[in-house]
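Colleague: can you look at this prediction? I've put the sequence above it.
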Amino acid sequence: MQHRLSNSSKQQVQEFVNRANQLFTTRLLKNGIPKISVNIKYERDKGLSQRGQFPDEEDFRSMLLSLRLFYMQKSKVNFYRIYNIVYQQTTDKKKQNGLASIRAAYAKALQRYPMPRGKITIKLRSHQYSPEEIIELWLNVNYFHVDLDNAKKEFDALIKLAGVPFLRFLMQDTAYRLASCVQALNLFIQTELNYSLKNP
């Protein structure tokens, strides 16, 4: 470690740890990341159909509202803000590389959809939607009701384009990947910065 954490940084990191621990005690995540799936089927006489398997909607909503604190730019526990503090405290090159891998996985989750091969893009009227934008739109329409008329029109257009199960799958998978990165950073902090957090 380079130096002791300042009181301000220590408070921010401790708040991150507390929030991350709370996130993984939500009913949805307390037993680990749930399995989700979507099946897309084409039948000649019926056309395209989708079927998804997802956890309870209220459980997911509770988890997502907790997770949102980590990617909101102005949040005190913003993932990148805490990452920078922790990285600056870490002098071991191998551990720095481990931290960088966590950050890269987090950035990828916000920017790209999961695909074993190739690449998925969600594009509407020349705008390409990132996973983060899909999550925020889902939150605004279904939970917050912010700018509802415009958001609902945009959301309905995306539903028509991609289908509810497929869009829900992309959104939830992104959320779980972000949560996994938050937990990985949390475990690193509790392992490597435990002394700095507990001592003035």
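Modeller: In hand now; what should we look at?
Colleague: what helix or strand is Gln190 on?
Modeller: Assessed by DSSP states H and E, Gln190 sits inside helix 164-192.
Colleague: give the rounded mean pLDDT of that helix.
Modeller: What helix 164-192 shows for mean pLDDT is 93.
Colleague: list the helices and strands it packs on?
Modeller: helix 7-23, strand 37-43, strand 47-53, helix 57-71, helix 79-89, helix 93-111, helix 131-139, helix 148-162 (3 or more C-beta pairs under 8 Å, 6 or more residues apart in numbering; DSSP states H and E). Backbone N, C-alpha and C define where each C-beta goes, glycine included.
Colleague: take these and lay them out in JSON lines including distance to Leu193 and mean neighbour count.
Modeller: Output for the helices and strands packed on helix 164-192, formatted as JSON lines (distance: least, C-beta to C-beta, whole Å; neighbours: other C-beta atoms under 10 Å):
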{"stretch": "helix 7-23", "distance to Leu193": "7", "mean neighbour count": "17"}
{"stretch": "strand 37-43", "distance to Leu193": "37", "mean neighbour count": "12"}
{"stretch": "strand 47-53", "distance to Leu193": "38", "mean neighbour count": "12"}
{"stretch": "helix 57-71", "distance to Leu193": "17", "mean neighbour count": "18"}
{"stretch": "helix 79-89", "distance to Leu193": "6", "mean neighbour count": "18"}
{"stretch": "helix 93-111", "distance to Leu193": "11", "mean neighbour count": "15"}
{"stretch": "helix 131-139", "distance to Leu193": "27", "mean neighbour count": "19"}
{"stretch": "helix 148-162", "distance to Leu193": "39", "mean neighbour count": "14"}
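Colleague: can you pull up the most central residue in this protein?
Modeller: Per C-alpha atoms, centre = their mean, the C-alpha nearest to the average position across the chain is that of Leu178, at 3.0 Å.
Colleague: out of the helices and strands packed on helix 164-192, nearest to Arg125?
Modeller: Closest of these to Arg125 is helix 148-162, at 8.0 Å (criterion: C-beta to C-beta).
Colleague: now do that closest one against strand 47-53, angle only.
Modeller: 110 degrees (axes from the mean of the first three to the mean of the last three C-alpha atoms, to 10 degrees).
Colleague: which elements pack onto helix 148-162?
Modeller: Against helix 148-162 (3+ C-beta pairs under 8 Å, 6+ apart) you get strand 122-124, helix 131-139, helix 164-192.
Colleague: run the last query once more with 10 Å
Modeller: strand 122-124, strand 127-129, helix 131-139, helix 164-192 (3 or more C-beta pairs under 10 Å, 6 or more residues apart in numbering; DSSP states H and E).
Colleague: that one versus helix 131-139: what angle between them?
Modeller: Going by the same axes, to 10 degrees, helix 148-162 makes 120 degrees with helix 131-139.
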